[in-house]
Every structure is written in C-alpha cells, then in structure tokens.
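Undergrad: Below are the sequence and a predicted model; questions follow.
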Amino acid sequence: MKTIFNNVSSIKLVTALAFSCSLSLANAGAVVVVGASSPIQAASKSDVVKVFLGKKKALPGSVAIPIDQDTGNSARTDFYGNIVKKTDSQLKSYWSRLIFTGKGQAPQVVGNDDDIKSMVANNPNFIGYIEESSLDSTVRVIYKP
C-alpha cells in the first residue's frame with residue numbers, strides 16, 4: 001500500500017512541477033529589444049529605465065528612442081511594473097508634470113508586440129519591449145530582467 005501511495009504522490013509532484021514550469025515559460029515576461037541591425041548591443045536596467053522615463057537620450061552605440069505599447073497590454077504592465085517600478089497612474093502623473101513644464105515627452109505609443117517588432121526592425125534608433133515569447137529574428141534583446 002505504501003508503494004502505491006508513494007507512486008501516486010510522485011506522479012502528483014512531477015505533474016505539479018511540469019505544470020509550474022510550463023506556466024513560467026508561457027509567462028516569461030517582457031524583454032527590451034532593438035532591431036537586429038541596431039548598433040545598440042546591451043543595456044543595464046538603470047539605462048533602460050532612464051531611457052523610458054526620458055532621462056537619457058542615448059545608449060552606447062546610438063541614440064535611443066523609446067516606443068511604448070498600449071495601456072493595459074500585458075507586456076506594458078510587466079515592463080513598467082517589474083522593471084521601471086511604476087503603475088499606469090504613476091506614469092500618467094510623471095509624464096503630465098514633464099510635459100506641462102516642457103521638460104519631456106512620453107514615448108510614442110505604437111500598439112502591441114508585433115507593432116514594436118516592426119518599428120524597431122525598421123529604425124536602428126528605436127528601443128521597445130515585448131513579451132519574451134514574441135521574440136523572432138527581426139529583433140535582438142538588449143535587456144532581460
């Protein structure tokens with residue numbers, strides 16, 4: 001009886017581990033990307049945050065022009081929540097102050113992962129973020145948390 005119980009417990013454990021691994025792969029999170037031909041090779045978290053908050057205009061190798069995804073998009077929520085550490089309301093307030101004082105302008109909003117990939121692939125100065133699961137040969141990761 002113990003052997004049957006141990007086998008059932010082992011099967012449950014293996015199933016639970018496999019399920020949790022598949023969830024972590026399916027929801028890998030946002031990565032920061034540039035076009036495959038961009039001269040930008042890599043960026044630190046600090047550099048990425050500064051670029052997307054308008055505090056830095058270049059990364060080693062090139063001017064860096066950030067482009068954003070639509071509000072409510074999972075990649076945007078992950079990027080700003082886990083990397084930049086700001087909520088949508090904090091971002092709105094941040095950009096409202098900078099725009100009002102003439103000290104900055106929020107990144108252009110272009111849509112979703114496919115839109116970001118298309119934009120960065122066609123302009124070596126653009127930098128964006130997408131879900132890791134959306135990566136393809138048109139873009140290159142320069143920052144992954």
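TA: Received it, and whenever you're ready, just let me know what you need.

Undergrad: From here on, just use CA atoms for contacts and neighbour counts.
TA: OK.

Undergrad: And the strands in this structure?
TA: For the chain, applying DSSP state E gives strands covering 30-35, 58-59, 62-63, 65-69, 108-111, 126-131, 139-143.

Undergrad: mind listing what the second one pairs with, with the direction of each?
TA: To tie it back to what came earlier, the one meant is strand 58-59. Strand 58-59 has the following strand partners under DSSP bridges: strand 62-63 (antiparallel).

Undergrad: So what touches the partner strand?
TA: Residues outside strand 62-63 that contact it (Cα atoms under 8 Å, 6 or more residues apart in numbering) are P39, I40, K57, N125.

Undergrad: what about it, distance to the chain center?
TA: 19 Å (Cα atoms, centre = their mean, to the nearest Å).

Undergrad: The spatially most central residue of the chain: what's its closest spatial neighbour, skipping adjacent residues?
TA: The C-alpha lying nearest the average C-alpha coordinate of the chain belongs to A30 (Cα atoms, centre = their mean; 2.9 Å). Residue nearest to A30 in three dimensions, not counting chain neighbours: E131, with 4.3 Å by Cα to Cα, 6 or more residues apart in numbering.
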